[in-house]
Structure formats: structure tokens, C-alpha cells
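Novice: what's the 3D shape of this:
(chains A and B)
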Amino acid sequence: MVDYVLFFGLALVAIASALGMLLSKNAIYSALNLVINFVSVSIFYLLLGAPFIALTQIAVYAGAIMVLFLFVIMLLGAESLGLSSTLPWQRPLALILAGVLLFEAAYLVVAKSGVLTRPGPVGLDFGSPAAVGEMLFSVYLLPFEVISILLLVAMIGAIVLTGRRDRMK
Amino acid sequence: MLPVQYYLGLSVILFTLGALGVLVRRNAIIVFMSIELMLNAANLTFVAYARVHQALSGQIFVFFVMAVAAAEVAVGLALIVTIFRSKQSINIDQMNSLRG
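Specialist: Have a look, this model is predicted:
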């Protein structure tokens, strides 16, 4: 019973904040709505037995990435770009296509999965930082190193892209 | 423990809202945020199935998706800043010429 109240309350918060992100005219309000959405999804991760991923979600997504977004919005001063569209037929078409996508995915979830699968209980150390770290540094060591190189390349790329052209010449 | 289909349904709704945001909004930064929302919905599915199969590999993959999303946001926002410098706008309807 507590599970149901918790899930549907949080699902309501997640969907409402996603809609708020979609509909608000001011980009800063969109970013703050997205922070609420990320935090509620991280609580879902906790419910699903993934405490390490939940806290990484808060630190990386709700912390670092959204601060980057807010910083760029304020740097550009482009927070209030309206909903205006130059292609008049685009919005109805987008709504129809999104409806089709929602219907197809919901059909796959409802019809193809058959009976409801309730996951069994897991041990206390499932998804703990120790368990995740042990797997990350043994089985997935090579992808981990590749990711570190990717982050380095992204950092260099961001610096090169935003560098002043006159200084580079 | 709730059935995993509930989490899948929530993930489907969040993914659709993200896709709708990419299609409807004209502000490049909000399009980027919608892409983050879609990545997040996919991550929720990964974690839900990691719980069902009691396999940590799903959670490890979510970790990698987060790292790729961070790299993508850094490069993408740098591109938006560069485009804003040359066009004085981040309306994606105005990015229709290849010559800067």
C-alpha cells in the first residue's frame, strides 16, 4: 500500500515537472522543472535498489549538468524565447507523431509483456557503491577507461569551440 | 515491490514528453533539456530491468549513459554558445543556412 502511494505520488511529480519543462516560456523555469524531474527519478532509482546510481543521478544530472544549463541560459540572456513557430503545420504534426509514439510504446508494454512481473527481493548490497565499483573495475574496466578518454575529448572540444577566434589566429 | 510494468509505463510517458519537446520547442537549450529527459527515461528502464534480472550490468550501463550525457551537454552547450555569437539567436528555425 505504501509502495503504491509512493510510486503514484512520485510519478505524478515526475510527469508534472516534465510537462512544466515542456510548457514554460522561460528557459530558467524549464531548467528548474527538470531538476525536480531528475530528483524524483533518482527516488525511483532508490526504490528499485540502485542507491549508487540514485546519488550519481543527483550529483551529475541535478547538480553538474543543470548548473551548466543555467549558466549558459544566463550567459546568453536567451531565457524568454517564445513558443513562436515559423512552420504552422509543425505543431499539430508533432502532437500526432508523439501520440503515435506513446500509443505504440504503451501497446508494447501492456500487450507484449503478458503477466505483471513482480521482482523478487534482493540482497542489501545490491547496487551499493562497493558492488557497483567492484564490477566497474573488473568486468567493465575497458569501457570505463574509454569513457574517461571521451570526457577528456569533450572537455577539450568545449574549450576549442568556445575559444575566441581572434585569439586563436 | 511493484510490478516492473509500472516503471516501464512511467518511462514511456517521460520519453514521449521528451520527444514532444524536441519536436515542438524552438529554443535550442530547451531542445537539449528534452534530450536529457529522454536519456533519463531510458535510464529508468535500464534500472528497472536490472532489478528484475538482479544483474548489476544494467546499473553499470546507466553510469556510462550518464558520462556520455555529460560529455554531450558540454560539447552541445559550447556549440550553442558559438552559434549565439554568430547569429545572436538560439532559435533553431533560424539555423537554416550552412554558411556561418
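Novice: not counting sequence-adjacent ones, nearest residue to residue A:70?
Specialist: Leaving aside its sequence neighbours, residue A:70 sits nearest to residue A:31 (Cβ to Cβ, 6 or more residues apart in numbering or on different chains; 5.3 Å). The way it works is simple: take the backbone N, C-alpha and C, and place the C-beta from them, glycine included.
Novice: helix/strand/coil for that neighbour?
Specialist: Put simply, residue A:31 is helix when judged by DSSP: H, G, I helix; E, B strand; the rest coil.
Novice: list the contacts for it?
Specialist: Counting by Cβ atoms under 8 Å, 6 or more residues apart in numbering or on different chains, residue A:31 touches A:21, A:66, A:69-70, A:73, B:33.
Novice: could you redo the last one with a cut-off of 10 Å?
Specialist: Counting by Cβ atoms under 10 Å, 6 or more residues apart in numbering or on different chains, residue A:31 touches A:21, A:24, A:65-70, A:72-74, A:79, B:29-30, B:33.
Novice: out of these, which end up buried?
Specialist: Among the contacts of residue A:31, those buried by neighbour count (16 or more other Cβ atoms under 10 Å in any protein chain shown) are A:21, A:65-66, A:68-70, A:72-73, A:79, B:29-30, B:33.
Novice: quick one: which of these is nearest residue B:54?
Specialist: Nearest to residue B:54 among the buried ones among the contacts of residue A:31 is residue A:65, at 29.5 Å by Cβ to Cβ.
Novice: the closest one reaches residue B:35, doesn't it?
Specialist: No. Contact criterion Cβ atoms under 10 Å: residue A:65 and residue B:35 do not qualify, at 11.3 Å.
Novice: the longest helix along chain B close to chain A?
Specialist: Counting residues, the longest helix found in chain B (DSSP state H) is helix B:57-87. Yes. Against chain A, helix B:57-87 shows contacts by Cβ under 10 Å from any Cβ of the partner chain at B:57-64, B:66-86.
Novice: quick check: the gap between residue A:141 and chain B.
Specialist: Distance, residue A:141 to chain B, by Cβ to the nearest Cβ, to the nearest Å: 11 Å.
Novice: er, residue A:159 actually
Specialist: From residue A:159 to chain B the distance is 8 Å (Cβ to the nearest Cβ).
Novice: for the closest residue to that residue other than its chain neighbours, list the residues it contacts.
Specialist: Once flanking residues are discounted, residue A:159 sits nearest to residue B:78: 8.0 Å by Cβ to Cβ, 6+ apart. Listed by Cβ under 10 Å, 6+ apart, the contact set of residue B:78 reads A:72, A:154, A:157-163.
Novice: please redo it, this time with the cut-off set to 6 Å
Specialist: Applying Cβ atoms under 6 Å, 6 or more residues apart in numbering or on different chains, we find residue B:78 in contact with A:158, A:161-162.
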